[in-house]
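Trainee: sequence first, then the predicted structure:
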Amino acid sequence: MTDATYLELIKKDPTAAAHLFVEKDREILKLQQHLLNANKVRFGAKSEKLSLEEQQKLFPVTELEEPAQEVLPAIVIAEHTRKKRVRRAIPAGTLVTRIVHPAALTECSSCGGELTQIREEITKILEYVPARFELQEHVRPVMACNHCKESAPVTTKLPAGVQLIERSPAGVGLLSYILLSKYQDHLPLHRLESIFARLGFELPRNRMCDWLGKLAEILHPLYQATKLELLEQHYLQADETTVKIQDGEVQGKCHTGYFWGVLSPAPLNLVYFHYADSRAGEVPKALLYGFKGTLQTDLYAGYNQVYVPEQSVRAGCWAHVRRKFLEIQKLASKSDVTKTLELIAKLYRAEPEGKPPDAVRAARQKHAAPILEKLREHLLAWSARTLPSSEVQKAIHYALSQWQALSLFVNDGAIRLDNNLIENQMRPIALGRKNWLFAGSHEGAMRAAIFFSIINSCRLNKVNTWHYFNDVLPRIQSTPQNQMAQLLPHAWKPVVKDEA
């Protein structure tokens with residue numbers, strides 16, 4: 001509308017004009033919020049930590065605070081000495097090469113007598129030698145009978161785990177290296193191909209891709225055992241993230257698939273990823289079929305089919321709530337946003353650390369419950385004086401609409417305040433996407449879900465993935481399915497090999 005049109009509308013119908021101005025203000029606020037969020041995503045920091053200035057605003061000095069009436073005595077700090085920095089010990093088993101340099105002088109410069117060695121001066125230099133290939137020849141005698149020709153020749157079978165893939169020259173160490181390089185270190189296969197070429201070996205990427213497909217088949221029983229272990233727990237966290245799939249259905253475009261993650265915190269520390277080509281609610285319903293307990297997620301409606309009364313309940317995530325108020329802090333009243341963020345911060349500060357669930361529950365009922373009540377009262381009062389369809393009202397409604405789910409942690413010491421644990425497990429996938437960009441097929445994404453599940457579970461349990469795969473890969477095929485849980489990272493015990 002032009003200015004003349006607005007003036008004409010005001011003269012004819014002031015009420016309609018006022019309503020129109022209110023709607024315009026709402027639209028402006030909404031567009032401002034979208035612009036702020038877009039600029040933050042593009043130019044701002046990814047961290048959700050508040051700056052020092054913003055943190056100071058959470059605890060402003062008010063006029064009600066009275067200055068101290070007395071001068072406190074000076075605090076005497078006990079004298080201490082700075083600890084001397086000590087180099088970390090070289091790992092056991094490191095190859096040590098002793099290089100002896102001949103003496104520069106053997107005769108005394110004063111009398112001409114022969115010099116005698118009295119000690120050694122040792123300078124330790126940590127050097128790097130590029131990885132090398134090793135060709136192992138497994139020699140097996142072929143035996144035949146000299147007296148008759150009826151019996152066929154017999155040969156010794158290869159020990160289990162020597163040749164994981166039939167008719168393939170790739171050993172366990174090489175397969176583990178390729179697997180970890182791509183799915184833990186996020187090196188695409190074409191980069192691995194060039195790395196191997198520098199070492200003088202030609203390993204085409206299509207061959208390595210075939211080997212990874214075979215490894216996925218070998219690891220699949222372990223992958224299934226991970227899911228079964230998770231479904232038996234009473235508390236899980238869930239989240240999902242996208243992945244591009246080059247399926248070829250639309251020329252020049254990739255399909256958007258999803259990795260659905262489910263995590264059980266300590267002491268299990270297991271994470272399971274499932275790939276699906278959509279974000280429909282049927283996916284988590286099938287994924288979590290049989291689970292009976294508490295599932296902590298964001299407010300995505302796709303999980304609603306999982307929350308039926310006889311199966312599971314949902315716990316809310318305070319990190320997502322806090323994020324909503326951070327997004328609207330420049331559009332809302334500073335005092336309201338500051339008070340909200342301060343009360344949420346108090347919830348986290350009141351969390352006891354290193355205590356059993358019963359002690360955590362008791363502490364939460366004593367400290368967190370009153371904070372929750374104050375926060376709820378503040379949000380209700382704030383909502384009453386906020387425009388119904390504004391971005392600020394949406395943030396308030398996001399919290400109040402799931403208040404029961406957000407308060408569930410008070411009466412259960414095992415439930416966390418947020419589902420940041422599973423969100424942190426999505427970060428390696430996001431980092432990988434920046435390197436390999438997309439999966440070549442839906443089958444390739446399914447294989448990636450298997451590898452990510454086991455690798456991330458190892459990292460959660462602080463298990464060395466290189467040692468783990470080199471030990472477990474040869475053992476999977478000889479382990480019954482009902483004992484497969486013993487090979488999972490949280491229960492894994494490496495086989496001690498005889499050195500004789």
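Mentor: That came in fine, so what should we check first?

Trainee: so Tyr258 versus Ile245, what's the distance?
Mentor: Distance of Tyr258 to Ile245, given as CB to CB, to the nearest Å: 10 Å. Using the backbone N, CA and C atoms, a C-beta is placed for each residue, glycine as well.

Trainee: hey, which helix or strand in the protein has the poorest pLDDT?
Mentor: Every helix and strand of the chain was ranked by mean pLDDT, DSSP states H and E. The lowest is helix 52-58, at a mean of 57.

Trainee: by contact count, what packs against the helix or strand just after that helix?
Mentor: Downstream of helix 52-58, the first helix or strand assigned by DSSP states H and E is strand 142-143. Counting contacts by 3 or more CB pairs under 8 Å, 6 or more residues apart in numbering; DSSP states H and E, strand 142-143 is packed against strand 154-155.

Trainee: right, and the helix or strand after the strand it packs on?
Mentor: Heading C-terminal from strand 154-155 (DSSP H and E), you reach helix 172-183.

Trainee: so what's the gap between that following helix and the chain middle?
Mentor: 20 Å (CA atoms, centre = their mean, to the nearest Å).

Trainee: list the buried residues for it?
Mentor: 172, 174-183 (16 or more other CB atoms under 10 Å).

Trainee: what do Tyr258 and Ile245 both touch?
Mentor: The contact sets of Tyr258 and Ile245 overlap at Asp277 (CB atoms under 8 Å, 6 or more residues apart in numbering).

Trainee: show me which helix runs longest in this protein.
Mentor: Longest helix in the chain by number of residues (criterion: DSSP state H): helix 14-43.

Trainee: give the buried residues for it.
Mentor: Quick answer for helix 14-43 (16+ other CB under 10 Å): 17, 26, 29, 33, 36.

Trainee: that one packs against which elements?
Mentor: Applying 3+ CB pairs under 8 Å, 6+ apart, we find helix 14-43 packed against helix 3-12, helix 318-327, helix 391-400.

Trainee: that helix to helix 391-400, inter-axis angle?
Mentor: Helix 14-43 and helix 391-400 are oriented at 70 degrees to each other (axes from the mean of the first three to the mean of the last three CA atoms, to 10 degrees).

Trainee: and helix 14-43, how far out from the chain's middle?
Mentor: From the chain centre to the centre of helix 14-43 is a distance of 36 Å (CA atoms, centre = their mean).

Trainee: one more: stretch 233-251?
Mentor: With CA atoms, centre = their mean as the basis, stretch 233-251 stands 14 Å off its chain's centre.

Trainee: gap between the two ends of it?
Mentor: Taking CA to CA, to the nearest Å as the measure, stretch 233-251 stretches 44 Å from start to finish.

Trainee: buried set for it?
Mentor: Quick answer for stretch 233-251 (16+ other CB under 10 Å): 233, 235-241, 243-245, 247.

Trainee: any idea of the mean pLDDT for it?
Mentor: The average pLDDT within stretch 233-251 is 90.

Trainee: tell me the predicted confidence for the residue in the chain sticking out farthest from the centre.
Mentor: For the chain, the largest distance from the centre (CA atoms, centre = their mean) belongs to Cys111, which lies 71.0 Å off. The per-residue pLDDT reported for Cys111 equals 87.

Trainee: same check on Leu9?
Mentor: 65.
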